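>>> based on what follows, work out the 3D shape:
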Amino acid sequence: MPPAETSTTEIPSQPAADSPTAPDSPTFGWNTYAERLNGRFAMVGFVALLLLELVTHQTFFAWLGF
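Numbering: from 1, shown residues only. Next up, the predicted model:
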């Protein structure tokens, strides 16, 4: 008995890493690269804020003087 044929789903080709339309290349404007970078900086800032509150035993607003 011959093996059963399996259907394969083709994955659309992605642009090359050096092309200006690649999602992970720095370009101007709203794009995937900028959003990913902003998210990473936001996570670092949030962790830094938590560490600041942990070390000083004060809230962020108390630390600012409010």
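
>>> and the helix or strand where residue 54 lies, what does it pack against?
Secondary structure assignment for residue 54, by DSSP states H and E: helix 32-56. Other helices and strands packing on helix 32-56, by 3 or more C-beta pairs under 8 Å, 6 or more residues apart in numbering; DSSP states H and E, are helix 60-64. Placement of C-beta: from N, CA and C, glycine included.

>>> can you list contacts of the helix it packs on?
Helix 60-64 is touched from outside by 49, 52-53, 56, with contacts defined as C-beta atoms under 8 Å, 6 or more residues apart in numbering.

>>> measure the closest residue to residue 52 other than its chain neighbours to residue 40 for me?
In space, and not counting its chain neighbours, residue 52 is closest to residue 63: 6.6 Å by C-beta to C-beta, 6 or more residues apart in numbering. Distance of residue 63 to residue 40, computed by C-beta to C-beta, to the nearest Å: 24 Å.

>>> looking at those two, which is more packed in?
residue 63 (13 against 10; other C-beta atoms under 10 Å).
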